[in-house]
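Engineer: Sequence and predicted model, in that order:
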Amino acid sequence: MRRSSLLTLLFSVFLLVPRVAAGQVTPYQRIVDRLTGGNEREWIFQAFDEHLGSDDSCREGESYRFKTNNTVEIEKCVNRRIVRTQHRWHLALSSTGKAMLTIGSDTYQALLYSQRDVQLLRLRKTSPRRPDLTIDKVLRYEQY
Amino acid sequence: MSSTDGETNSYKGVEIIIKAVAPVLTVVGILIGVYEFQAGERNTKEREYELIARQDSIEFKRKVWEQQLEVYRNLAGAAGQLSTATGNAQEFQKAADRFEQIYWGTAPLFEDESTEAAFKDLHLAVGDFRAHRIGANELRLAAAAAGDSMRASLARSWGQLRKAAP
């Protein structure tokens, strides 16, 4: 190995080691960690109003359980029954740092933020045109 | 009749024909000349009109480009104010008002699709920053993206203007 190559290698290692040791996480990983809680995390859009009893009867409710294996389990109260569906999720960051979250075939601008110690996930549907409506769906993570 | 008389008669016949045809040829020549002159004049005028129309079009495009530059300059100023006044609520409010005024007012006259999207992002980011959903850095990223988009848009418009120039 040439001396210059060896020096380059040593310099790269010198730059890399402190970052790895400090456990620096990328913005992408930070979002995934908050979204899944490191394993799986349930985000509530509308709290379930379930009837007491063993059946799945309900009046309202919608929740999203994001898992690290890139699946999301959506529970919705439809016609007084809890309906569970499973979808794939995919996260991509735009050049301006916007998180684009795809759930099944729908893509949202995702924003994770906290308000009054409550973690919130906003799923936004918007178009690049000025007059078009922007629709936000804000989910909350309930820490029990 | 001798051969000399015959030659004299034929010479006279030719002379009569020439005398009859010459004025006709002259008139035809003059008419062709007048027609060519008029056609030439018409072409010259058409070319002049075309040139004037093209120059008018370029002048109009240049004015639009200058107006676009002015609106973008104002928007960039407002975006810069937004980015630097994040710690001062009063200043931020002023900058936001200025930005919103241009965003809903003159910007639609000059923006293209990509700048419209970048302006909308910044407009939404201002709302998010006010509601404490995003921080100053995210707002600055949106402002910077709007700036990049305006620069690219101006370059595109300038390119079109240069292509149209004779």
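Structural biologist: That came in fine, so what should we check first?
Engineer: Secondary structure element for B:Met150, which one?
Structural biologist: Secondary structure from DSSP states H and E places B:Met150 in helix B:136-164.
Engineer: Neighbours of the residue in chain B positioned nearest to chain A, how many?
Structural biologist: Nearest residue of chain B to chain A: B:Ala117, at 3.3 Å (CB to the nearest CB). For glycine as for every other residue, the C-beta is placed from the backbone atoms N, C-alpha and C. Neighbours of B:Ala117 under the rule other CB atoms under 10 Å in any protein chain shown: 19.
Engineer: residues in contact with the host helix or strand of it?
Structural biologist: B:Ala117 belongs to helix B:113-130 when assigned by DSSP H and E. The contact list for helix B:113-130, computed with CB atoms under 8 Å, 6 or more residues apart in numbering or on different chains, reads A:96, A:98, A:111, A:126, A:128-130, A:134, B:72, B:75, B:79, B:82, B:86, B:96, B:99-100, B:103, B:107-108, B:111, B:134-136, B:138-139, B:142-143, B:145-146, B:148-150, B:152-153.
Engineer: in that helix, what counts as buried?
Structural biologist: Using 16 or more other CB atoms under 10 Å in any protein chain shown as the test for burial, helix B:113-130 gives B:115-126, B:128-129.
Engineer: Spatially nearest residue to the residue in chain A that chain B sits nearest to, not counting backbone neighbours?
Structural biologist: Residue of chain A nearest chain B, by CB to the nearest CB: A:Pro128 (3.3 Å). Leaving out its chain neighbours, the residue that sits closest to A:Pro128 by CB to CB, 6 or more residues apart in numbering or on different chains is B:Ala117, at 3.3 Å.
Engineer: By mean pLDDT, which helix or strand of chain A comes out lowest?
Structural biologist: helix A:3-21 (a mean of 56; mean pLDDT, DSSP states H and E).
Engineer: Just the buried positions in stretch B:68-82, please.
Structural biologist: B:68, B:71-72, B:74-75, B:78-79, B:81-82.
Engineer: where does A:Ile74 land in three-state SS?
Structural biologist: Of the three states, A:Ile74 takes strand according to DSSP: H, G, I helix; E, B strand; the rest coil.
Engineer: give me the beta-bridge partners of it?
Structural biologist: Beta-bridge pairing for A:Ile74 (DSSP bridges): A:Tyr64, A:Thr85.
Engineer: since we're on it, how many residues are nearby?
Structural biologist: With other CB under 10 Å as criterion, A:Ile74 counts 16.
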